[in-house]
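> structure, please.
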Amino acid sequence: NPAYTYETNVMGTVNILECVRLTDCVKSFLNVTTDKVYLNKEWPWGYRENEELNGYDPYSNSKSCSELVTYSYRNSFFTEENSPAISTARSGNVIGGGDFANDRIIPDCVRAMAAKKTIGVRNPYSTRPYQHVLEPLAVYLTIAQKQYENPSYQGYYNVGPDDCDCVTTGELVDLFCSCWGEDARWENQAE
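Below is the predicted model of the structure:
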């Protein structure tokens, strides 16, 4: 639903920033978006915080727009010394509790195992920076605290594991299957 996606991610950001602008009690604001905000150049290394924004699909693009709205507000309304510190954080491939969405690797694995079916893996050779939801959450809280204490910490941040901690989707599913038991299996759906 692209119209709803833009309405939620763009106008939702505008509405929150309007609340921040119209109150004196907010001292630190962090907009969490996604690592999909970047212009996808299909290169094998990660994107740096200063790379060009331009998400391709409506979800990614709406998150890019949310970032642009955040910095437009920061530059237009929050330049005074006592203004709230404002940052964005970009994270992706978060796994952990509470995720029940379709086309997400861990929920898909759990559903397949519960139904005693083979796990379909679309991109088993794709390396992703998988991280448990508590890892980026700890970083988000740290950013909010640090910029509250010292506004020089405001900016934009990528949040993810070190390259050495990244695994392919196939490796992640192998790990899942090894924990689940001998009945667990998967197939490459890209072939």
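
> for this structure, which helix is longest?
Counting by DSSP state H, the longest helix found in the chain is helix 58-77.

> how about the CA coordinates for the helix or strand immediately after that helix in the chain, as CSV?
Using DSSP states H and E, the next helix or strand after helix 58-77 towards the C-terminus is strand 85-91. Output of strand 85-91 as CSV, limited to C-alpha atoms (Å, rounded to 0.1, in the frame of the first residue of the first chain):
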residue,chain,number,x,y,z
ALA,A,85,19.6,17.5,19.5
ILE,A,86,18.3,15.6,16.4
SER,A,87,19.7,12.5,14.7
THR,A,88,18.7,9.6,12.5
ALA,A,89,19.8,6.0,12.9
ARG,A,90,19.8,3.4,10.1
SER,A,91,19.6,-0.2,10.8
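
> what's the spacing between the nearest residue to N61 once chain neighbours are set aside and P84?
Distances taken as Cβ to Cβ, 6 or more residues apart in numbering place G55 nearest to N61, at 4.0 Å, with adjacent residues excluded. Where you see a C-beta, it was placed from the backbone N, CA and C, and this is true even at glycine. To P84, G55 is 26 Å away according to Cβ to Cβ, to the nearest Å.

> likewise F100?
When F100 is compared with P84 (using Cβ to Cβ), they lie 34 Å apart.

> straight-line length of stretch 110-121, end to end?
Length of stretch 110-121, first residue to last, Cα to Cα, to the nearest Å: 13 Å.

> would you mark the buried spots in that stretch?
Going by neighbour count (16 or more other Cβ atoms under 10 Å), the buried part of stretch 110-121 is 110, 112-113, 119, 121.
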